[in-house]
Every structure is written in C-alpha cells, then in structure tokens.
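[1] Build me a structure from this.
(chains A and B)
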There are 2 protein chains.
Amino acid sequence: MQKNITSDVTVIGAGLTGLTAAFYLKKAGKSVTVVERSHRVGGVIRTFSHDGFTYEAGPNTGVLSSPELVQLFDDLGNSCALETANPNAKRRLIWKNGTWNALPSGLGSAIGTPLFSFGDKLRILGEPFRKPGNNPYETLDQLVLRRMGRSFLEYAIDPFISGIYAGDPSLLVPKFALPKLYNLEQNYGSFIRGAMKKGKEPKSALEKRATKDVFSVSGGLQSLVDALAAAIGSENIILNAENTQITPHEDRYQISATATNGDAICIESSKVVSTAGAYELPSLFPFLGADELAPITNLRYAKVAQVVAGFREWNGIPLNGFGGLIPSKERRKVLGILFPSSIFPNRAPEGGALLSIFAGGIKNEAVYNLSDEELKQVAMREISETLSTNSKPNMLEVFRYPHAIAQYERSSEERFAAIEKIETACPGLILAGSIRDGIGMADRVKQGVNIAKEIETSRL
Amino acid sequence: MQKNITSDVTVIGAGLTGLTAAFYLKKAGKSVTVVERSHRVGGVIRTFSHDGFTYEAGPNTGVLSSPELVQLFDDLGNSCALETANPNAKRRLIWKNGTWNALPSGLGSAIGTPLFSFGDKLRILGEPFRKPGNNPYETLDQLVLRRMGRSFLEYAIDPFISGIYAGDPSLLVPKFALPKLYNLEQNYGSFIRGAMKKGKEPKSALEKRATKDVFSVSGGLQSLVDALAAAIGSENIILNAENTQITPHEDRYQISATATNGDAICIESSKVVSTAGAYELPSLFPFLGADELAPITNLRYAKVAQVVAGFREWNGIPLNGFGGLIPSKERRKVLGILFPSSIFPNRAPEGGALLSIFAGGIKNEAVYNLSDEELKQVAMREISETLSTNSKPNMLEVFRYPHAIAQYERSSEERFAAIEKIETACPGLILAGSIRDGIGMADRVKQGVNIAKEIETSRL
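    The predicted model follows:
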C-alpha cells in the first residue's frame, strides 16, 4: 500500500518549532503535513501526571521573552492556559561552601552577598566604564573575566550556564549562545549601561507583555504542544514515521517515509521545513553531501539526565524559590535542583514537594552515563545533603536526553554559513530547529512564527 | 440626664490602636468602653468610595511587618479581607534631574543607577566593615553620611523618610524613629551584615507570614477599623464624646464626657488606656501637672495634606509601580505621588487611575498652609510635569491632617521617661497611641495587642 499526499508545506518534526510553524501556516490557509518519527508530539517537551504529581521529562520552565510567544498564547485562546511563576520563585539559590545563598535581588544583598569576592564587587562598579571587546569569537568565560571578575564567572555565570545550556562557559561563544548579552556590550559598550538603556526604550503593547517571567502551562508544558497539535489536526500529523527521506524532484520535494504497518507514505511539497536535530540530517537528506552537512552535523549537544522526585509530605528546608544551582567549582555530582512545586500550582499534593534534579551536561557527562539506579542514589544523596531531608520520595523517575541542548560554540558561524548555503542551493528547503536561532522555548516559537511568515510571503 | 457605665477598661480613642486593644480585651472577657471624640471610628484611617474610585483620606498602605498584625487578620476572619500589593508595586520611583528612576532591585540596577554617585557606590561596599556608631542620639542624616554617603542620604533616605514620616532626617533619631535599623548597626555592626544575618534566623510560622508586603484591605483600610468596631459592638463605643476628662477616684478612674444631646456620661474603670495624641493629654488628664506632661506635649507632628486625583481614563506615563518620591534636593512642591490603583485592585475604573499626592510635612509646611484651590493646582501641575498628562481629573479632593505623623526626635527619650513616670505614679493608667512604640499600622496593632495582654495578665 502507498499513501500519497500533496501539501504546500511538509514540516519534519513535531516538536515546539515544527508545531508552531505548522499552526501558523495552517492559519494562513496553507496545507501542511507534519512528519514525526516518534509516537507522540512534543519532542523534548513531555509531561506526566499521576498520584497528585505533575512533572516534566524535558524542560520544566520557559521564559516569556519574545512577543511571538505572547501572541501564540493569545492565538491558542482557551485551549491552553499560560501559568507564570509564583513571584517568590524569583529567588534563585547558588550553592557555596556547604550552604545555599540567594542571588542578590537588591542593593543590600548585592553588597553583602558572600557569593562574590570583595575585589570583584569593587571591580564590577567599573563595568559601565570598561571598553567593549573586539573579538567576536571570544568565549563566555573570557568575556566575563574581562568585564566582571572570576567570582562572578564561578558563582553566577557558571551555574547560570548550567541551568540554561548544561554547558561550559569556556566553550560557548556569547555572540551565538547569548546574542542579547553580546549585543548589549557591542551596542551600548556595557552590560549594565545597555540593560538600563534598553529598559527605557519604548515598547509595543505585545513587547510589554513579554515580561521575561518564567512560565509553564496549566497541566504542564505538554498541554501547549497538545493544543498546537489539536489546532493543526491529527489528519495533518503523521506519527511513527520511519526512514523519512527528502528528495528534490523537479521544482518540488518528495518526502518518503514508512508507516508502522509497513505502508509507504509519499508526500509532495514545494516547501520543506526541517526541525530535526543536526545528527538526523544525513539520513533525512541523502542528496546533500557529507561535506556540505559536516559543519552542521558536528554540532555538539549536551546530554542531560533528569531525576524527578515527588514527596507527599515535605520535611526538608523550605523550598522557597525557583531552585538551586551548583557551581562546577563546588564539585558536587549534579548541576542543580529545581523546585517545580514552588514555582507553579498543582505540581505536588498540598504540603508535598516535587523536585527535579539535573545531572550530566558538557562538564559532567560521566554522571549522565550512570545506571538509573546509580542516578537515583546520586539524586537522593544530593537532596539529603543540600535540602536536609532523609524522607524516601513517593515517586522517583529518571529521564535522559542524549541530545538535550545544542551548544552554540565557535563552530556556530560555520554551521550557520552551511545552512545558508544549502538553503540557497535548494529553494523551498528550510533547515531550522535548535541548530540555529537559539535553544529556549521563546526562541523556538519565534523561529516557527518567522518560518511561517517567510513561507506565507514567498511564492509557492 | 446622666448615663452611668462601669467597665473593666475604658479606652480613649477609636483609632486603630484603641480598637485593637478593645477588640482583644473583649475577646479575653473584659468589659470595655471606647470613648471617641469624633463622629466615627478609625482615627486617621478613612476610606471613601464613589463613582468607581476607592480612596483613602489618611494612610494608603501599611507594611505587613509584625506577627501581631497577621494574627489580627486571622482573628477577624471573613469580616475583613487582607489585600497585599501587586508584585509590580515593589518598583519604587525616585525623581532626579527631571525624570523618574527606579530604586535598584538587583545587582545590575544597583551598579548602573544614576541615583547614587560612583564614589558612594564604591564607598557602600565598605559598609559591612565600617565600625558601628556610639552616639545613641545621632540623627538619621549623620548616621547615613557616616555609613553610606551623601548621595544615598539625598536620593534614598530623604525620600524614604518623606514617604514614612513626612519628616526631616536631620531631626529624626534612628534609635527612636527607626529602631530596627538602629539595632542592626548596634547588634551586628552593619546594616547589610545585620540584614543578611537576621534574614537567616529561624522564624515562627506567624513571623514567616509577616512578609513585609505592602498591604491594604479589600474596600480600603476603613474596612479594617469597621470590622474591629463591629466585633467590639456599637454598644461599647461612645462616639461624639465631648469634654472627656479622666479623674482618679479611690482605686479606680472616673471618665466623664458630654454627649451631643448634652447628657452627661460617667464611666468607672480600674484601667484607662489613652491612645489620644500628645496635644490632647492636658485636657483629658487635668489632674496631671503641666510639668509632668510637658515632655510629652512637646512632641512634634508633621502636618500632611493629601490631594487625591481620580481619572476615568489615564493617558499619562504607565503607572508601573508603587509610586514616586521626590527628594528635597529636587526642590519640587510635593513629597511624592502614590499610585494606589497600581498597587491594589478596584481603586479606579478599568483603564483609569487613582493618584495620591502628598504635600507638606516637616520640611515644607508652607505648602500645607495653601488653600484647597492652591493645593489642587499644585497637585495638578506636579501630575502634569512628572506623569505627562494634561487630562482633567474626574475627581479631585483635598484632605489635611494637622497632626498626621508623630516625629521621633531626640526629645523622645524624655517623652518615654515621662510616660513611664506617670504610669508608675498612676496604676491602671496606660498612655499609648503613636506617642510611643512607632507610627506604622503594624506598630499600632502590636501596641494594641500588647496593652490587651498586659491588662489581661494584671489583677484588675
């Protein structure tokens, strides 16, 4: 049996990017087919709910940092309820010398915090007056040492980068990995002066609503991708697609795949949007040469393991905040512990707690490679030692993502160039996903929106 | 006609202190009579509601800073709904060089703020290491210059003191006026080190709920005093009491007053709690000598005028925050502008705004003495120049309190001694109210609670 489909656009991958692009393309009147390898939509986003706990296997929170994301929630209407973090969750803890310290949130705590050295506190007063760097490939650690000082690198930037990238500041290049930060220095000469000037720039109504609040969705992030999938329509989403291959054919593309029952699927589209990971591109695009793809496929991903622990009754220290991050310098086994039940409602039974322990990442891949049992033991030891409880959790699960987070290192420039070269050579083909344009949920949605706009305004 | 009453305790004054004391005394089974000169309960607390605006004639907000206040809301139950400020109202604006600047709320803004000089930013890093003062009568300006620097005095402490005391930092003595701040230096050697250490001390469940959030009450602060009065019972509150006089008689006191209809009222009590202002004591207590009372009656009060402006549609700058304070150094006509409709719900119609402009105070009594028309003009000019609107307000009212806020100056020590001396000489007489123990609502409630406890545990 062969199933033949013709659609204006084929989207490879039913993660947040692919679903957002398909959602807006369909809204604009295009016919769309989404092809997904796994049995479900959502990609790394996946929520579980049972026994009073609601927990994420992938990302736990996003940041409401792009107007496109605000608009998406508006457009989804009642099918998906945005949840912003409890204001107390602005409190972020950093482990130092055997105890948690809150990141400074005011003048007094900025001066008094034991996280940073006295010399660096003095030094950072000069940040607004320090001249900007001129090496676009400078790594993050060098940038921070130059503008802020070693204690800020070790006790603010290093844990911050663990939390976002599970990455290594000596490999990430701010121009690619943190372009907003990089541009503050390049455009305003200083992070601090830039942030203050940017804060005063006029904003549109939608930009004002991009409050940078931490967000999730009522019922967990799965509800967001489910709402997108429902709006796209299950008839337009092919799950369990095996051996997907894209082949150019005259002025269009043929997308072939095999269904679980062995049936062949054949789609013809003039536009193909790939949101697949870099490592999937060679098998998806056999007509592209290994040399052409090499600058893309060499993209490094952080492997991240997440241990989720649920307690019906919490008797450790008060989980007052977003969670705690552990600087590499402290040489503990995990990257950090999130307190999802303190950030959002209904994540754990009343009086209980839900914790997410992250481990692995670029700097500590050995821990990722432990067995499930070993990982659970590591997580429970960290909980006991840093949150002062010896209670047994009522729920304990391990999730692993071998390609959790793309690392925007120096090689990014060549990757972006290779993507552009392929897109120019193959009209109608768009290579997207987290291989470019950022790794956060707000970035993914923004990219999906922009791809849909680009296709809408092009001639099909 | 003469009305004779016998009650365990007579409370003079139906402001927040008197009502709180009476509420807890009645709860403890004592018979209580509250004697009030005016036609209503609440003292300086008074809320008006009409045409979609709900506004305060007296204090607009309190700070949830004492466990006693938290307990009071618990004890009042459903009769009074605590409202804490919108989290965005943590943003406080200070006027400098023709524009509003937010008080720093994080590391970056603390470093970059134009409110403080570079030298003072450097200098304040040394605050934790500066030795504590040893002059208990040091005025606030001297303390701040010694520990923090002139720009902090002028652009943080001066407006902060306008907001709390409508006062003058060169007259207020921290030991009496800001005892928590004074004790930080005395007990921990530094404001910053003290604040951080205090933040880590273990707290009771009730103390934890004293979050220091800004609060009001659903429907305005009048609802709080109304709820207290309802619980005390109108049969126990005598309003419109004229010529009230207290006279010792054997082992008790006789309290005489005249009702509006000319009837004489005579109460006998073994305990009398005065919450009257210092200036009212000579006529209330004719048996106390002028010499005995002089250290109390010389208490200085700030005169404060409040202009309330209501706009059905607001087209000025976004009122994003608690309000703006104006340092004396900026030489404008008013002390500050509060944004009550940004702090609490239902203070103005949707899309509209309610503003409270404060003027007068110790440093600028001349403005207090303007006519109502002149005050309204001053207020509207300030709104137009600092909040960029030329709309006419739909509501504009002036309130004045000639004894708005007691000033805890150097004379406080003698005042406290005089109070103690009188209380020792006259068993059963308690002189309270804002002449001692602080001026904030949390202070007033705490004092009322403590007086009730003291009487409960004493032999009547």
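
[2] what's the burial count for the residue of the stretch 301-450 of chain A found nearest chain B?
    Of all residues in the stretch 301-450 of chain A, the one sitting closest to chain B is A:Pro318 (8.3 Å; C-beta to the nearest C-beta). Backbone N, C-alpha and C define where each C-beta goes, glycine included. By other C-beta atoms under 10 Å in any protein chain shown, 12 other residues sit near A:Pro318.

[3] Could you tell me what pLDDT the model assigned to it?
    We have a pLDDT of 93 for A:Pro318.

[4] same question, A:Ser109
    pLDDT, read off for A:Ser109, is 85.

[5] Relative to chain B, how far out is it?
    7 Å (C-beta to the nearest C-beta, to the nearest Å).

[6] my read is that residue is in a strand, agree?
    No - the assignment for A:Ser109, made by DSSP: H, G, I helix; E, B strand; the rest coil, is helix rather than a strand.

[7] Which positions within stretch A:103-116 qualify as buried?
    Going by neighbour count (16 or more other C-beta atoms under 10 Å in any protein chain shown), the buried part of stretch A:103-116 is A:103-113, A:115-116.

[8] any chance of those in TSV, with distance to B:Ile357 too?
    As requested, the buried residues of stretch A:103-116 are arranged in TSV below (distance: C-beta to C-beta, whole Å):
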residue	distance to B:Ile357
A:Leu103	37
A:Pro104	33
A:Ser105	30
A:Gly106	27
A:Leu107	27
A:Gly108	29
A:Ser109	32
A:Ala110	32
A:Ile111	33
A:Gly112	35
A:Thr113	37
A:Leu115	41
A:Phe116	41
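
[9] re earlier: let me know the secondary structure of the residue of the stretch 301-450 of chain A closest to chain B.
    Once three-state DSSP is applied, A:Pro318 turns out coil.

[10] quick one, phi psi at it?
    phi -60, psi 130 (degrees, to the nearest 10).

[11] distance of it from B:Lys197?
    Distance, A:Pro318 to B:Lys197, by C-beta to C-beta, to the nearest Å: 18 Å.

[12] what do you get for A:Tyr188?
    Relative to B:Lys197, and taking C-beta to C-beta, A:Tyr188 is found at 37 Å.

[13] cool, and A:His50?
    Distance from A:His50 to B:Lys197, counting by C-beta to C-beta: 43 Å.

[14] A:Ser269 and A:Ala22 touch, don't they?
    No - contact criterion C-beta atoms under 8 Å: A:Ser269 and A:Ala22 do not qualify, at 12.0 Å.

[15] shared neighbours, these two?
    A:Val9 (C-beta atoms under 8 Å, 6 or more residues apart in numbering or on different chains).

[16] Who has more neighbours out of these two?
    A:Ala22 (31 against 24).

[17] My reading is that that one lies in a strand. Confirm?
    No - assignment of A:Ala22 by three-state DSSP gives helix, placing it outside any strand.

[18] got a pLDDT number for it?
    pLDDT, read off for A:Ala22, is 98.

[19] residue contacts, it?
    By C-beta under 8 Å, 6+ apart, A:Ala22 lies in contact with A:Val9, A:Val11, A:Val32, A:Val34, A:Leu228, A:Ile232, A:Asn236, A:Ile237.

[20] do that again at 10 Å, thanks
    By C-beta atoms under 10 Å, 6 or more residues apart in numbering or on different chains, A:Ala22 lies in contact with A:9-11, A:13-14, A:30, A:32-34, A:228-229, A:231-233, A:236-237, A:273, A:275, A:448, A:451-452.

[21] Would you mind measuring from it to B:Ala452?
    67 Å.

[22] What of A:Arg40?
    Where B:Ala452 is concerned, A:Arg40 sits at a distance of 63 Å (C-beta to C-beta).

[23] same question, A:Ala102
    Applying C-beta to C-beta to A:Ala102 and B:Ala452 gives a distance of 37 Å.

[24] Also A:Val307?
    According to C-beta to C-beta, A:Val307 stands 52 Å off from B:Ala452.

[25] same check, this time on A:Asp120
    52 Å.

[26] now A:Thr260
    Going from A:Thr260 to B:Ala452 by C-beta to C-beta gives 75 Å.

[27] next one: A:Leu143
    Relative to B:Ala452, and taking C-beta to C-beta, A:Leu143 is found at 61 Å.

[28] do the same with A:Glu350
    Distance from A:Glu350 to B:Ala452, by C-beta to C-beta: 34 Å.

[29] Name the residue in those two with the higher neighbour count.
    Between A:Glu350 and B:Ala452, counted using other C-beta under 10 Å, the more crowded position is B:Ala452 (24 against 9).

[30] Wait, the more buried one touches B:Gly29, no?
    No - counting by C-beta atoms under 10 Å, B:Ala452 sits too far from B:Gly29 to count as a contact (11.3 Å).

[31] Helix, strand, or coil at the residue lying closest to A:Ile343 once chain neighbours are set aside?
    Nearest-residue entry for A:Ile343: A:Ala89, 4.3 Å, with adjacent residues in sequence omitted and distances by C-beta to C-beta, 6 or more residues apart in numbering or on different chains. When classified by three-state DSSP, A:Ala89 comes out as helix.

[32] what about A:Ala89, neighbour count?
    Close neighbours of A:Ala89, defined as other C-beta under 10 Å, add up to 22.

[33] Isn't it up against A:Gly323?
    Yes - the pair A:Ala89 / A:Gly323 is scored as a contact, 8.3 Å apart, by C-beta under 10 Å.

[34] Quick check: neighbours shared by those two?
    Joint contacts of A:Ala89 and A:Gly323 (C-beta under 10 Å, 6+ apart) are A:Thr61, A:Leu338, A:Phe339, A:Pro340, A:Ser342, A:Ile343.

[35] contacting residues for the fifth one?
    Remark: with contacts taken as C-beta under 10 Å, 6+ apart, A:Ser342 is in contact with A:85-86, A:88-89, A:91, A:314, A:318-323, A:348, A:353-355.

[36] now the first one
    Applying C-beta under 10 Å, 6+ apart, one finds that A:Thr61 lies in contact with A:83-85, A:89, A:163, A:213-216, A:221, A:322-323, A:338, A:340, A:343-344, A:356, A:440-441.
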